[in-house]
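K.L.:
Test case, fold it:
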Amino acid sequence: MVQASKMMWDRAVGDADCCDLIHPWTPGCVSGATTMFWSSFKGSCKFYAVLYVIQLLIRGKKMNKKFLLQQFDSYLKSAAFGCLVGTSFVPFNCFFKRFLFQRFYYHTTVLFPMTLSGVGIYFEPPHRRYLVVSTFFNLVLEYWVRMLEHQGIVKRTPLRETIIFMFGSAYLFYLMRQQKDKNKKMSLLWFFTPPKVNRQPIESTSDKCDKSSLYCPHTGSCSDYIIKGYIQMFGLGCAMTMLRTVVPKLGTPVKAIKSITAKHFTLGLFLGGYMGIYRLVVCILCRQFKRDSARHAIPAGFLAGTAFWFNPNLSVSLASITSILHILCSRLYEHKILPENLPLPELLYALCQGLLFHARVMHPEQCPRYILNLVHTVTSGKVTLVYETFLKMLAIADFNK
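P.N.:
Presented below is the predicted three-dimensional model:
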């Protein structure tokens, strides 16, 4: 993939017409915007349908009619959000080219219009909005780290990412367990929410129950609690991997089975080990000190982070930082340090969206893979076509030079 510098961009497409770059599939701006609308409509419906189905499967709880109707309503709003963002790329650029800037500048072709279209986040339901903001902020952090690595400023290794994850996990679990009962549950970008601190011993009706486990934040025996958590998360990790890599090959069942290797179980080992070690350490500390405490989450989260070694992933290692900032920012709102009428999350999302779409075109090698797939799916490949058109124009400019 080619990275576009400002000089390259100005030389190749600065004076191009919008039909040559923004909507190469049709000469007219209106028809170009119409085509982009239908492409974004179909792509958004497809993308969010898969996303919501996966969320329902992960939830795994009994779902009644009311809940399903709420999910369908949220799905329609999310699809409208995706359609708006995808569609806006063409009309915004055509308008800016003709009436404001007169040419395509490096920062006004993708970064500026896609930042403006970030206001579409208000289409998302409130309970999903902050999760979307956290996801995009985490992707921006990943993009910046990849850029720093590309420039030789930082060097990534599995060991360094594991250490970052261990410290981040420790502090994050501590903050999560500090939350009071009165605080409403936040949609954090994390695998699971630890139980609240057990302020009073949990009564048990069983005479066989180990009395020392009454101080733990769970009912029943500690061994059942730990093993159950490990199996659930291990199964979830393996299922997610199989859905992503094996299920698409089911057209040839023999090849699908033969394609299964040890790598397909690394995510399961990570998630299962992460949950199992965390619960094990918390139970040991509760039994040792005969009380539960939010501070128990610090060594538990730190040691549980060692499971990250099974499946190192930059985005996951940075997710702890994103979730920590989410909690700390929410506390600023709770203590009235930040005014409630300040739409900081929505503004942050708009900036993140602009940066990530800019990265998709200008720095595709450093752009997170999630964004590459999202932009391609939501626009039904139209933005990919725009990028390929830019590469052709760049090749022509280099040839003429």
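
K.L.:
isn't Leu111 right next to Leu356, touching?
P.N.:
No - counting by CB atoms under 8 Å, Leu111 does not reach Leu356; the two are 9.8 Å apart. In this view, the C-beta of every residue, glycine as well, is placed from N, C-alpha and C.

K.L.:
The two: which is more packed in?
P.N.:
Taking other CB atoms under 10 Å, Leu111 and Leu356 do not tie; Leu356 has more neighbours (24 against 21).

K.L.:
wait, isn't the more buried one in contact with Phe136?
P.N.:
Yes - contact criterion CB under 8 Å: Leu356 and Phe136 qualify, at 6.5 Å.

K.L.:
helix or strand for Val85, which one?
P.N.:
Using DSSP states H and E, Val85 sits within helix 65-95.

K.L.:
That helix: what's the following helix or strand?
P.N.:
Going down the chain from helix 65-95, the next helix or strand is helix 111-116, by DSSP H and E.

K.L.:
residues in contact with that following helix?
P.N.:
With contact meaning CB atoms under 8 Å, 6 or more residues apart in numbering, helix 111-116 is reached by 85, 88-89, 92-93, 96, 350-351, 353-355, 357-358.

K.L.:
Enumerate the positions of stretch 131-140 that are buried.
P.N.:
Within stretch 131-140, the residues that count as buried by 16 or more other CB atoms under 10 Å are 132-140.

K.L.:
Does the closest residue to Glu161 other than its chain neighbours lie in a helix or a strand, and which?
P.N.:
Leaving aside its chain neighbours, Glu161 sits nearest to Ser317 (4.4 Å; criterion: CB to CB, 6 or more residues apart in numbering). Using DSSP H and E, Ser317 sits within helix 314-334.

K.L.:
Give me the buried positions along the following helix or strand past that helix.
P.N.:
The helix or strand immediately downstream of helix 314-334 is helix 344-362, counting by DSSP H and E. The neighbour-count check on helix 344-362 (16+ other CB under 10 Å) flags 345-346, 348-350, 352-362 as buried.

K.L.:
do the same with stretch 82-89
P.N.:
For stretch 82-89, the neighbour count (16+ other CB under 10 Å) marks 82-89 as buried.

K.L.:
what's in contact with that stretch?
P.N.:
Stretch 82-89 has contacts (CB under 8 Å, 6+ apart) with 22, 33, 36-37, 39-41, 43-44, 47-48, 110, 113-114, 116-118, 120, 123, 353, 357, 378-379, 382-383.

K.L.:
Repeat that for stretch 345-356.
P.N.:
With contacts defined as CB under 8 Å, 6+ apart, stretch 345-356 is touched by 85, 110-112, 114-119, 121-122, 129-130, 132-133, 136-137, 139-140, 143, 367-368, 371.

K.L.:
how deep is Ser44 tucked in, by neighbour count?
P.N.:
24.

K.L.:
Helix or strand: which one has it?
P.N.:
Secondary structure assignment for Ser44, by DSSP H and E: helix 29-59.

K.L.:
Hey, what's the angle from that helix to helix 65-95? Just curious.
P.N.:
Angle of helix 29-59 versus helix 65-95, following axes from the mean of the first three to the mean of the last three CA atoms, to 10 degrees, is 150 degrees.

K.L.:
tell me the mean pLDDT for helix 29-59?
P.N.:
In this model, helix 29-59 has an average pLDDT of 86.

K.L.:
Which strands or helices does that helix pack on?
P.N.:
Under the contact criterion of 3 or more CB pairs under 8 Å, 6 or more residues apart in numbering; DSSP states H and E, helix 29-59 touches helix 18-21, helix 65-95, helix 369-378, helix 382-400.

K.L.:
run the last query once more with 6 Å
P.N.:
Judged by 3 or more CB pairs under 6 Å, 6 or more residues apart in numbering; DSSP states H and E, helix 29-59 is in contact with helix 65-95, helix 369-378.

K.L.:
Show me which positions of that helix end up buried.
P.N.:
Residues of helix 29-59 classed as buried by neighbour count (16+ other CB under 10 Å): 29, 32-37, 39-45, 47-48, 52.

K.L.:
hmm, back to that, quick check: the farthest pair among the buried residues of stretch 131-140?
P.N.:
Largest separation among those by CB to CB: Val132 and Val140, giving 12.9 Å.

K.L.:
Would you format the helices and strands packed on helix 29-59 as JSON lines with mean pLDDT and distance to Leu328 included?
P.N.:
Formatted as JSON lines, the helices and strands packed on helix 29-59 follow (pLDDT from 0 to 100; distance: least, CB to CB, whole Å):
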{"stretch": "helix 65-95", "mean pLDDT": "89", "distance to Leu328": "27"}
{"stretch": "helix 369-378", "mean pLDDT": "90", "distance to Leu328": "24"}
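
K.L.:
want to throw those into TSV with distance to Ile260?
P.N.:
Listed next are the helices and strands packed on helix 29-59 as TSV, based on distance: least, CB to CB, whole Å:
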stretch	distance to Ile260
helix 65-95	32
helix 369-378	22
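
K.L.:
closest to Met8 out of those helices?
P.N.:
Taking CB to CB, helix 65-95 is the member of the helices and strands packed on helix 29-59 nearest to Met8, at 18.4 Å.

K.L.:
Where does the prediction get shaky in the chain?
P.N.:
The chain contains residues with pLDDT under 70 at 1-4, 57-62, 180-186, 201-213, 244-259, 397-401.

K.L.:
Would you map out the domains in it?
P.N.:
Under the assignment automatic domain parsing, the domains of the chain span 1-155+341-401, 156-335.

K.L.:
Would you mind measuring the gap between the ends of the last one?
P.N.:
The first residue of domain 156-335 is 37 Å away from its last residue (CA to CA, to the nearest Å).

K.L.:
Could you shift the numbering so residue one becomes 787, and keep it that way?
P.N.:
In the new numbering, first residue 787, that becomes domain 942-1121.

K.L.:
In space, what's closest to the residue most central in space within the chain - neighbours in sequence excluded?
P.N.:
By CA atoms, centre = their mean, the chain has its centre lying nearest to Thr921, at 3.5 Å. Leaving aside its sequence neighbours, Thr921 sits nearest to Leu975 (CB to CB, 6+ apart; 6.0 Å).
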